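> Quick one, structure for this:
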Amino acid sequence: MDAIRAITERVSVAQLTGPDITQEQKEILFRAALRAPDHAWMRPSRYLTIEGEAREELGKIFYKYQAGREVLSPEKAKKIKNMLLRAPLVIVGITHLEEHPKVPRDEQLLSTGAGVQNMLNAAYAMGLGAIWRTGAMAECEGVRNALGLNRDDVITAFLYVGHINTTPKPVPDVELSEYVTAWTGETS
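Next up is the predicted model:
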C-alpha cells in the first residue's frame, strides 16, 4: 500500500481476530515504531508483546486491580478479564523517562506516541487492524509492577493488533480549515 494512502485513510478498528500476527509482520511493526522522531537519540521507547495465554494472565491482573477499586458486576468482571483477548497481539508501548537538558519529558512521551502511530499506520498498510487504548490500567501501579516496569517507565499505549473482523468505519470528512490556520506575524 502507498504510504500516503496508509497515513490518510487509516482508521482504528476495535473488532479484531486471529490468526496470530506473524513474526515478519511484528518485525515490520517494530521497525516502523523505531523510526519515530527521537531527539538526542535517547531511545525512550520500549515495547512488550502480549500474546497467547499471556493475554489471559494479564487479564487476570487487570481484574485483580480493577476489582480492588470498585465493586464489579459479573458482566463487567468478565469484560475486564477478557479485555486483552480482543486481539491476537497486544503491544504495550512504554516510555522510559530520563532527565536530559535538551529533551523534556513530554518530548520523550511523544516519541513513543509517534512510534505507536507508526505501528498503527504500518498495520493498516499490511491489511491488519489496530486500535490504541490506555485507560485506568495504564496508570495502575499493580499492572506496572506485574509488567516489570520501574518508576521511570510510563505506559503510553496498549496497542491491539489483529485481523479485521468488521467493516471499518469510513474515513471521516475533515474540513482542514477548521484545524489549520496561517499565522501572519501580527499580534493583537
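> Could you pull out the buried residues of stretch 119-133?
119-126, 128-132 (16 or more other C-beta atoms under 10 Å). Glycine gets a C-beta too; all of them are placed from N, C-alpha and C.
> Equivalent analysis for stretch 79-91, please.
Those would be 79-81, 83-84, 86-91, for stretch 79-91 by 16+ other C-beta under 10 Å.
> Which single one of those is nearest to residue 98?
The nearest member of the buried residues of stretch 79-91 to residue 98, counting by C-beta to C-beta, is residue 91 at 21.8 Å.
> That closest one: which element?
Following DSSP states H and E, one finds residue 91 within strand 89-96.
> do the same with residue 163
Short version, using DSSP H and E: residue 163 is in strand 153-164.
> starting at the chain centroid, how far to the strand holding residue 91?
Remark: strand 89-96 is offset 7 Å from the chain centroid, using C-alpha atoms, centre = their mean, to the nearest Å.
> Same question for stretch 31-41.
15 Å.
> Can you list the neighbours in contact with that stretch?
44-45, 47, 93, 100, 102-103, 107, 110-119, 121-122 (C-beta atoms under 8 Å, 6 or more residues apart in numbering).
> Select from those every entry located in strands.
45, 47, 93 (DSSP state E).
> Kindly provide the distance from the last one to residue 172.
To tie it back to what came earlier, the one meant is residue 93. 24 Å (C-beta to C-beta, to the nearest Å).
> These two: who's more crowded?
Taking neighbours as other C-beta atoms under 10 Å, residue 93 and residue 172 compare with residue 93 leading, 23 against 6.
> Tell me the predicted confidence for that one.
According to the prediction, residue 93 has pLDDT 98.
> Report the beta-bridge partners for it.
Bridge pairing for residue 93 (DSSP bridges) gives the partners residue 47, residue 157.
> For stretch 149-168, C-alpha coordinates in CSV please.
Output of stretch 149-168 as CSV, limited to C-alpha atoms (Å, rounded to 0.1, in the frame of the first residue of the first chain):
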residue,chain,number,x,y,z
LEU,A,149,8.3,-1.6,34.9
ASN,A,150,10.2,0.8,37.1
ARG,A,151,9.3,4.3,38.4
ASP,A,152,10.7,6.0,35.3
ASP,A,153,8.5,3.9,32.9
VAL,A,154,5.2,5.2,31.6
ILE,A,155,2.7,3.0,29.8
THR,A,156,1.9,5.1,26.7
ALA,A,157,-0.3,2.6,24.9
PHE,A,158,-2.0,-0.7,24.8
LEU,A,159,-2.0,-1.3,21.1
TYR,A,160,-4.4,-4.1,20.0
VAL,A,161,-3.4,-5.7,16.6
GLY,A,162,-5.2,-8.3,14.6
HIS,A,163,-7.1,-9.2,11.5
ILE,A,164,-10.1,-7.0,10.8
ASN,A,165,-13.4,-8.7,11.8
THR,A,166,-15.8,-6.0,10.8
THR,A,167,-16.4,-3.3,8.2
PRO,A,168,-14.1,-0.5,9.3
